[in-house]
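>>> model this:
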Amino acid sequence: MRILSLAVFRKVHRKFETMLRDFSTTARGRKALDAEMLQRMERRKAISLFAINVRSRIQLASAADREFDKVVSRRPDDAFYFVTLAPKQFAVPIAIAPTFEQKTLKAWAKDQLRGFNYVGMIEAAYYSNYNPVPGRRSAMVSWHVHAIVWGCSDRRIGTLADRVNAVCEPLIPGRPPAHARRMTGHTAAKRIFYMLKIALENYRVYPRKGETSDPDTGEITVGATGEWIQKKERLRPGEAVKMATVMGKRSLPMLMFSAGEGTAVWRKALALTRARIKRADERFRRRMERLY
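The predicted model follows:
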């Protein structure tokens, strides 16, 4: 299910929340989910905007959708670009992913996007069977960036991608570390939900196999072609807990960055998110007081 609307965002995240809550009541879940992690996931902790808190994510997605729509309304005929920056240098074995310093990636991404209007988000992707570190066979986390960019030309965006691809090694052979997709403002607005989703998927990578012919003998053999296939599926409960551990105490603002016109979008979205959560929490508190 593609997460390109608030309704789908809510549905997928609430299902994810239920899955983890149910898992926490099992013997395996009680061992995997410590009390501190469970507290960060509680609805009453949403005001802290922890990255693993589903209520925080939903409220931020709603607020960001509202604020980004204002940009699209001001620029109805402009081109927007969905940019992904995922070089190999920010992929780490899952064992050390919780200690990854997101400030390093954020500073690098800001440098690449200097001079643009954009909103950006750092995301962690779980790869269960692929690790580019020589000698490592453990699962890997690819820390990467998604950004929506506007107010520029196709040429400038192309130059950005070419520059990154010229100096950065790809995470997966044959897949460029930087790519940008041109789209309308209406389509770009849907990508806000994709950017703000929690880690939901397990990525698996396989070498593509095919027939090759020996030019001298004509013998045909089947083997790796040098190309790679990437597939994905929903995280299972144990994998979701691993990714929650990776996020740890990180908050959503720690993963967000922006520049130009995008600065006001993220700033206002965060302010609106906090205000809505506070109002809802206060209404709940008053209801409880009347009841008890």
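>>> State the number of residues packed around Asp111.
8 (other C-beta atoms under 10 Å). C-beta coordinates here come from the backbone N, C-alpha and C atoms, glycine included.
>>> Just the buried residues of whichever strand or helix holds it, please?
According to DSSP states H and E, Asp111 maps onto helix 102-112. By neighbour count on 16 or more other C-beta atoms under 10 Å, the buried set for helix 102-112 is 102, 105-106, 108-109, 112.
>>> quick one: low-confidence parts of the stretch 1-150 of the chain?
134-136 (pLDDT under 70).
>>> re earlier: from the buried residues of helix 102-112, which is closest to Lys232?
Leu105 (21.5 Å; C-beta to C-beta).
>>> The closest one touches Trp143, doesn't it?
Yes - under the criterion of C-beta atoms under 8 Å, Leu105 makes contact with Trp143 at 5.4 Å.
>>> which residues are common contacts for those two?
Listed as contacting both Leu105 and Trp143 by C-beta atoms under 8 Å, 6 or more residues apart in numbering are 90, 122.
>>> circling back: next SSE after the helix holding Asp111?
Later in the chain than helix 102-112, the nearest helix or strand by DSSP H and E is strand 117-127.
>>> For that next one, which strands pair with it and how are they oriented?
Applying DSSP bridges, strand 117-127 is found paired with strand 140-150 (antiparallel), strand 201-213 (parallel), strand 256-259 (antiparallel).
>>> quick check: angle from that strand to helix 102-112?
Put simply, strand 117-127 runs at 130 degrees to helix 102-112, going by axes from the mean of the first three to the mean of the last three C-alpha atoms, to 10 degrees.
>>> Show me which residues of strand 117-127 are buried.
For strand 117-127, the neighbour count (16+ other C-beta under 10 Å) marks 117-127 as buried.
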